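# Whatever this is, show me its structure:
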Amino acid sequence: MMPVLFQRKNLASFIIAVVLLANFSGCMYSFTGSSVPPHLKTIAIPLFEDQSGFGEPNLREDLTKQLINLFVNDNSLALADRSNADSMLDGTVTSVSDAPSVIAPGEQVSTRRVTMTVHVTFQDLKLRKKVWDKNFTEWGEYDPSKDQRTVALTDAINKVADDILIETVSGW
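Prediction:
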């Protein structure tokens, strides 16, 4: 005869308890990782630098503007100037490339991909510490016959900005 612990009824109860505990732990992690600490109320987002050499004249302005729009719409942190902010995002576009991504028969390029990498540092100015320092890489694709490189670049900018926002407000 099996010990009481290994009887089917007890084993089923044990498995259910483990599954519930695992789910509860996952919810706890998710919940605590989804909000900005209460001492951070504002954020400064100075104009990002562009060291990519890509030659797109408004790249740094477009990325910074998109980030500002996302933070305003998200409402987790209010925008402030650098001298009054609780936190700050500093960033540099380190590379942008435009390369073939799909080659059609006859060695014709049917799709090109614009890939952008941005190095960003998020600082807690109240506690005077660096929270994170990361590279974000995203892309956008376009049909070269329609000359839509700016559309692909805008797509890459939007994706990178989304990634930065998510990391900033939920990376806790």
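# so T111 touches D143, yeah?
Yes. If you go by C-beta atoms under 8 Å, T111 and D143 touch, sitting 6.4 Å apart. Quick note: C-beta positions are derived from backbone N, CA and C, even for glycine.
# Name the SS class of M116, please.
Secondary structure, DSSP: H, G, I helix; E, B strand; the rest coil: M116 is strand.
# Work out for me the element the nearest residue to it once chain neighbours are set aside sits within.
Counting by C-beta to C-beta, 6 or more residues apart in numbering, A156 is the residue found nearest to M116 once chain neighbours are left out, at 4.3 Å. Assessed by DSSP states H and E, A156 sits inside helix 149-170.
# Go ahead and name everything in contact with that helix.
33-36, 43, 56, 59, 62-63, 66-67, 70-71, 74, 76-77, 89, 91, 96, 98, 112-116, 118, 120, 122, 132, 134, 136-142 (C-beta atoms under 8 Å, 6 or more residues apart in numbering).
# just how off-centre is it within its chain?
Relative to its chain's centre, helix 149-170 lies at 7 Å (C-alpha atoms, centre = their mean, to the nearest Å).
# Could you list the domains of the protein?
Using automatic domain parsing, the domain ranges for the chain come out as 1-32, 36-170.
# And these, which one averages the lowest pLDDT?
Confidence, taken as mean pLDDT, is least for domain 1-32 of those (a mean of 47).
# and the helix holding A156, which residues are buried?
152-153, 155-161, 163-165, 167-169 (16 or more other C-beta atoms under 10 Å).
# Give me the distance between S76 and N84.
As for S76, its distance to N84 is 17 Å (criterion: C-beta to C-beta, to the nearest Å).
# Surely L63 is in a strand?
No. Under three-state DSSP, L63 falls outside any strand and is assigned helix.
# returning to that earlier point: please say which of S76 and N84 ends up with more neighbours.
S76 (16 against 9; other C-beta atoms under 10 Å).
# Assign a three-state SS to the more buried one, would you?
Secondary structure assignment for S76 (three-state DSSP): coil.
# Who's the closest spatial neighbour of it, skipping the chain neighbours?
In space, S76 is closest to V169, 4.4 Å off (C-beta to C-beta, 6+ apart).
# Check M88 too.
A44 (4.4 Å).
# Put the alpha carbons of stretch 104-116 into CSV.
Extracted C-alpha coordinates of stretch 104-116, given in CSV (Å, rounded to 0.1, in the frame of the first residue of the first chain):
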residue,chain,number,x,y,z
ALA,A,104,13.4,37.9,-55.5
PRO,A,105,14.3,35.6,-58.4
GLY,A,106,16.8,37.1,-60.8
GLU,A,107,18.7,38.7,-57.8
GLN,A,108,16.2,41.5,-57.6
VAL,A,109,15.8,43.1,-54.2
SER,A,110,12.1,43.1,-53.4
THR,A,111,12.3,44.3,-49.8
ARG,A,112,14.9,46.4,-47.9
ARG,A,113,15.2,46.7,-44.2
VAL,A,114,16.2,49.8,-42.2
THR,A,115,17.7,48.8,-38.9
MET,A,116,18.3,51.3,-36.1
